[in-house]
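Student: I would like to see how this sequence folds:
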Amino acid sequence: MTFDIEHKDPASSARAGTIATAHGLIQTPIFMPVGTQGTVKGVHQHELHDTVRAQIILGNTYHLYLRPGTDILKKAGGLHQFINWNKPILTDSGGYQVYSLKGMRKITEEGVKFQSHIDGSRHFFSPENVVDIQRIIGADIMMAFDECTPFPCDYKYAQQSMHMTHRWLKRCIERKNTTEPVYGYHQTLAPIVQGSTYADLRKESAEYIAAQHQEMNAIGGLSVGEPHEVMYEMTDLVCSILPKDKPRYLMGVGLPENILESIALGVDMMDCVLPSRNARHGILYTKEGLINIKNAKWQDDFSPIDIESTASTSQIHTKAYLRHLFKVEELLAAQIATLHNLSFFIWLVEESRRKIIEGTFTDWKNNMVKSVSRRL
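Tutor: Okay, the predicted model is just below:
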């Protein structure tokens, strides 16, 4: 994997670049739609490609390991073939999902014993077999196995967890370096900075991660309930330490205003379930602010959902029609809303890239943050 930085914003740490992977180029900054179980819910792959214009999507090791399972994925030739997606894929290591299984898992130095949320069956994840699973999935970018600490988190626990994540990382790197890709193309392993909301731990973790000299680096353990100001503070600190010539991925972020502020701090890649999850509940993101399309105020609004969006559905269908679809519980409601939200998030990062190249990003970002965070 290679990363070329093409432009830098003169008034912030924002940058525009291009990541080259075995399955194509990724122009940064980029937002990655989340396709946890091999699908971005309610959206066809051709819509992701043609309407949303997604350049990379996510899968999840934990969920794909449980269903359909590694045997099926290997027989299919990997996740790209299984879901008919010929662009890059990133897989989370499952660390966050294991973290969310409180009461159903036990963390030790060796790894994590956990029960399936589906049927209660018992399983074990280690740094080694998580790499093996991601080899079989065939992700272009494989995340290292880590522990995501909650917020708030006791300092001592955050410190111990961070050091264990570092030791796990060494085992992930060793496994990656001593195994071959299953399908013949290069796969990148991305370490994850941890340390909760403690500046000294974040600094120590970022320095440790940087010293591993991997092709890209990630920032985890944020966007888990901490105030936005704290998330920005930790992100800024970590970005100041991580190598400038490697892509930086801020995991699980976020709201449109979070994305814009994170880009300004030097983040290149982001992902979040919010645009698709909230779409299914009638929450729409637009350039002017947030819309709850179920509200009565939209019942006779015959204007397009958002004329700025790149989604054709947002330009064709009216707010009144989409509200009607939600009220009568038509499946089409969630599909239109999901396409709209994903397209808006992609538009937001594409516009950010354009403004970085023009040298006008900071002023535009400051105005846009105020706009997108309004409730309409």
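Student: and E109, how far from I305?
Tutor: 51 Å (C-beta to C-beta, to the nearest Å). Backbone N, C-alpha and C define where each C-beta goes, glycine included.
Student: no no, A158
Tutor: According to C-beta to C-beta, A158 and I305 sit 42 Å apart.
Student: related to what we said a few turns ago, more neighbours, E109 and I305?
Tutor: Comparing E109 with I305 by neighbour count (other C-beta atoms under 10 Å), the higher total belongs to I305, at 27 against 8.
Student: ok, that one - contacts?
Tutor: Shown in contact with I305 (C-beta atoms under 8 Å, 6 or more residues apart in numbering): L284, T286, I291, T313, S314, Q315, H317, T318, K319, L322, I336, H340.
Student: mind checking which of those are in strands?
Tutor: Per DSSP state E, strands hold the following members of the contacts of I305: L284, T286, I291.
Student: show me this structure divided up by domain.
Tutor: According to automatic domain parsing, the chain comprises the domains 30-269, 273-376.
Student: correct me if wrong: F125 contacts E110.
Tutor: No - with contact defined as C-beta atoms under 8 Å, F125 does not reach E110; the gap is 10.0 Å.
Student: in TSV: the ones in strands among the contacts of I305, plus neighbour count.
Tutor: Putting these into TSV (neighbours: other C-beta atoms under 10 Å) gives the following:
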residue	neighbour count
L284	25
T286	21
I291	24
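Student: sorry, back to before: of the domains of the chain, which approaches T21 most closely?
Tutor: domain 30-269 (4.4 Å; C-beta to C-beta).
Student: how long is the closest one from one end to the other?
Tutor: End-to-end span of domain 30-269 (C-alpha to C-alpha, to the nearest Å): 5 Å.
Student: adjust the sequence numbering to begin at 35 for everything that follows.
Tutor: In the new count, where the first residue is 35, that last one comes out as domain 64-303.
Student: any idea how far it is from the chain center?
Tutor: Relative to its parent chain, domain 64-303 has a centroid offset of 8 Å by C-alpha atoms, centre = their mean, to the nearest Å.
Student: F159 and E144: which is more packed in?
Tutor: Neighbours were counted for F159 and for E144 using other C-beta under 10 Å; F159 has more, 24 against 13.
Student: what sits against the more buried one?
Tutor: With the criterion set at C-beta under 8 Å, 6+ apart, F159 makes contact with Y96, G128, V132, G145, V146, F148, F179.
Student: likewise F116?
Tutor: G72, P102, I106, L107, A110.
Student: nearest to V227, of the residues you listed?
Tutor: G72 (27.7 Å).
Student: I'd guessed that closest one sits against I117; true?
Tutor: Yes - contact criterion C-beta under 8 Å: G72 and I117 qualify, at 5.0 Å.
Student: what is the mean pLDDT for the longest helix along the chain?
Tutor: In the chain, taking DSSP state H as the definition, the longest helix is helix 365-392. Helix 365-392 carries an average pLDDT of 96.
Student: and it, which residues are buried?
Tutor: Within helix 365-392, the residues scored as buried using 16 or more other C-beta atoms under 10 Å are 367-387, 389-390.
Student: list the contacts for K399?
Tutor: S46, A48, L294, E295, I297, A298, S386, K389.
Student: where does the stretch 135-284 of the chain have low pLDDT?
Tutor: Nowhere does the stretch 135-284 of the chain drop to pLDDT under 70.
Student: quick one: the helices in it?
Tutor: 161-171, 189-211, 233-244, 262-273 (DSSP state H, counting those that start in this stretch).
Student: ok, residues contacting the shortest one?
Tutor: Spelled out, that is helix 161-171. 93, 95, 98-99, 104, 107-108, 112-113, 123, 125, 127-128, 145, 176-179, 202-203, 205-206, 209-210, 213, 215-216, 221, 223.
Student: for the helix or strand harbouring N400, the distance to its chain's centre please.
Tutor: Element membership of N400 [criterion: DSSP states H and E] is helix 395-406. Distance of helix 395-406 from its chain centroid, counting by C-alpha atoms, centre = their mean, is 22 Å.
Student: tell me the mean pLDDT over that helix?
Tutor: Computed over helix 395-406, the average pLDDT equals 98.
Student: now swap in stretch 75-83 and tell me
Tutor: 94.
Student: tell me the buried residues in it?
Tutor: Neighbour-count burial for stretch 75-83 [16+ other C-beta under 10 Å]: K75, G76, V77, Q79, E81, L82, H83.
Student: now secondary structure and distance to P281 too, for the residues you listed, in CSV please.
Tutor: Listed next are these as CSV, based on DSSP: H, G, I helix; E, B strand; the rest coil; distance: C-beta to C-beta, whole Å:
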residue, secondary structure, distance to P281
K75, coil, 26
G76, coil, 29
V77, coil, 25
Q79, helix, 24
E81, helix, 26
L82, helix, 21
H83, helix, 22
